[in-house]
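Show me the folded form of this:
(2 chains)
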Amino acid sequence: SQTIHQWPATLVQPVGSPLSLECTVEGTSNPNLYWYRQAAGRGLQLLFYSVGIGQISSEVPQNLSASRPQDRQFILSSKKLLLSDSGFYLCAWKGDSSGNTIYFGEGSWLTVV
Amino acid sequence: DAKTTQPTSMDCAEGRAANLPCNHSTISGNEYVYWYRQIHSQGPQYIIHGLKNNETNEMASLIITEDRKSSTLILPHATLRDTAVYYCIVRASYSGYSTLTFGKGTMLLVSP
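This next block holds a predicted model:
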């Protein structure tokens, strides 16, 4: 069966510090991978998606970046965090083995102080 | 993706059926109806999806009207753990890039 994991689950970081959130998918190959953000009291916003290794598309301009160094690994990064980067970050995947249904990870809570 | 309309909130007594409606009057012929739910502080959980026939799985049933302009998610015996925000999403299901557009959903509160 397929599983998705992301970590860390919670993170408190000072303004201006770097960020790295990691996501891995098991049990499938060549998945589409996504990073979403959910700010407090708001809906999910798509940040990045990837259809293959090294292929990253950004949906909104921001000081975040994403990378996909391996087929089932997706990383969300920032060189210098802003207060507005606080929120709930979700990794998700879709593939042939999911019947094209998108499945989400457990989420990572980021608080920038 | 077609826009959906859901009630902001609903209440249900524990053990009773919860019927969550969704309107999607502009749905296209190749678009599916998906339902997810999000329990507080967790990632969205996939529940069920369908095209035009009614669907049932271990979690819920999905009833789609014949004209496909609306649907209802049914939780047959709601429990306290079903308290969550439920999202109805309409999207084309095909290989290649596609994403989900989440609206505000329905906050379902299941009470003892």
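
what does stretch B:59-70 rub up against?
Stretch B:59-70 is contacted from outside by B:21-25, B:27, B:33, B:35, B:47-56, B:71-76, using C-beta atoms under 8 Å, 6 or more residues apart in numbering or on different chains. C-beta here means a position set from N, CA and C on the backbone, and glycine is covered the same way.

how about the residues of chain A near chain B?
Applying C-beta under 8 Å from any C-beta of the partner chain, one finds that chain A approaches chain B through A:32, A:34, A:43-44, A:46, A:49, A:51, A:57, A:88, A:90, A:92, A:94, A:96, A:99-107, A:109.

run the last query once more with 6 Å
Neighbours of chain B within chain A, by C-beta under 6 Å from any C-beta of the partner chain: A:43-44, A:46, A:51, A:90, A:100-107.

Point out the least confident one among the residues you listed.
Least confident of the residues of chain A next to chain B in the model: residue A:100, at 75.

Is the lowest-mean-pLDDT helix or strand in chain B in proximity to chain A?
When the helices and strands of chain B are compared on mean pLDDT, DSSP states H and E, strand B:84-92 comes out lowest with a mean of 91. No: Strand B:84-92 stays clear of chain A (C-beta under 6 Å from any C-beta), getting no nearer than 8.7 Å.

what's the following helix or strand after that strand?
strand B:106-111 (DSSP states H and E).

What pairs with that following strand, parallel or antiparallel?
Under the criterion DSSP bridges, strand B:106-111 sits next to strand B:9-13 (parallel), strand B:84-92 (antiparallel) in its sheet.
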